[in-house]
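Engineer: Generate coordinates for the sequence data below:
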Amino acid sequence: MREIAPNVYVSTFYPGINVGCICTADGIVAVDAPLRREDALAWRDQLRELGGPLIRWLVLTDSCLDRLAGAAWMGVSVIAGRGALRRFQEGGEAGWRLAVEEWACRRPGAGEWDAVRLPVPQIAVAGRLTLHTSPLVVVEAVAGPAVGSIWLRLPELRIVFAGDVVVCGAIPPLSASPDTRAWLKTLVEMRRERFRVAQIVPGRGPVCDKAATTPQSEYMQRIRRRVRSLHLAGGRRDELASLMDEFLRFFPPAAEDAEWARREVLASLERLYDELSPQSVGSA
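Structural biologist: Now for the predicted structure:
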């Protein structure tokens, strides 16, 4: 765990996700949680050692199961995007259980899923929520990698916990994004001069600055162009696999992540094939 500003900490130690926290006089505001049970409990213990027993809030930066599953082990009050709450409400406990079981089958050893309880958000953010703490914490809904994407800004310190809206040196997870064009606009707005940020805590990868979002935008723009070109040429869905190697070269994965990376790129191509289909309403 590293202190990147007074009372603001980040850990890039846990597999697949960055986590962090802000220590305030009202308690700790935690950002995301490690996926595996033992990691989530170890992170919770670290937070309590750091700032006392009270973890006031856990902010989840999107509704993907990677984050929801980790939150289930933490046992604290949750702030999430409105889309994350809708996902709970529409699926209910049975839907959640089925989704977790299917998801866990693809991640052997990820956790003891039979003990997971549904981490229903206590606060759902559709626009902006300000926590009047010191430092000031602003939670905002943004277009990003999943329904219910949000980020957490510390405007006084010019820090953003961006979740997977920004990934640094890693494959952007496009497979669950409801609107990749809107996500690209989020990245463009982040790079504008009026968006005052000095440090970005990405969902994966090292703490970075605005410039580090450019390769991600270039990847997203190129993969969208390639899928759109496939549509214009009358290409079939089963031809998407032929594009995988081209995009794996953008951010070559570590050997232990190679299989996950191939699945993610193929799932991203399939998601874009649907999003950019000429029959899709509002395709871009």
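
Engineer: any low-confidence regions in the protein?
Structural biologist: 51, 53, 88, 91-118, 280-284 (pLDDT under 70).

Engineer: Can you pull up the most central residue in it?
Structural biologist: The centre of the chain sits closest to Asp164, judged by CA atoms, centre = their mean, with a distance of 3.2 Å.

Engineer: Tell me the secondary structure of it, please.
Structural biologist: Counting by DSSP: H, G, I helix; E, B strand; the rest coil, the backbone at Asp164 sits in strand.

Engineer: how about the nearest residue to it, chain neighbours excluded?
Structural biologist: Gly203 (3.4 Å; CB to CB, 6 or more residues apart in numbering). In this view, the C-beta of every residue, glycine as well, is placed from N, C-alpha and C.

Engineer: ditto for Ala182
Structural biologist: For Ala182, the closest residue by CB to CB, 6+ apart turns out to be Ala143, at 3.5 Å.

Engineer: Can you report phi and psi for the residue nearest to Asp164?
Structural biologist: phi -70, psi -30 (degrees, to the nearest 10).

Engineer: Quick one: residues contacting it.
Structural biologist: Ile17, Asn18, Asp32, Thr61, Pro145, Ala162, Gly163, Asp164, Val165, Val166, Val167 (CB atoms under 8 Å, 6 or more residues apart in numbering).

Engineer: which one of these is nearest Val76?
Structural biologist: Asp32 (12.2 Å; CB to CB).

Engineer: What is the burial count for the residue nearest to Ala182?
Structural biologist: Number of residues near Ala143 (other CB atoms under 10 Å) recorded here: 18.

Engineer: what sits against it?
Structural biologist: Contacts of Ala143 by CB under 8 Å, 6+ apart are Ser149, Asp179, Ala182, Trp183, Lys185, Thr186.

Engineer: farthest-separated two in these?
Structural biologist: Ser149 and Lys185 (12.8 Å).

Engineer: More neighbours: which of those two?
Structural biologist: Ser149 (30 against 13).

Engineer: Please tell me how far the residue nearest to the more buried one when sequence neighbours are not counted sits from Leu230.
Structural biologist: Distances taken as CB to CB, 6+ apart place Asp62 nearest to Ser149, at 4.6 Å, with adjacent residues excluded. Shown here: Asp62 relative to Leu230, a distance of 27 Å by CB to CB, to the nearest Å.
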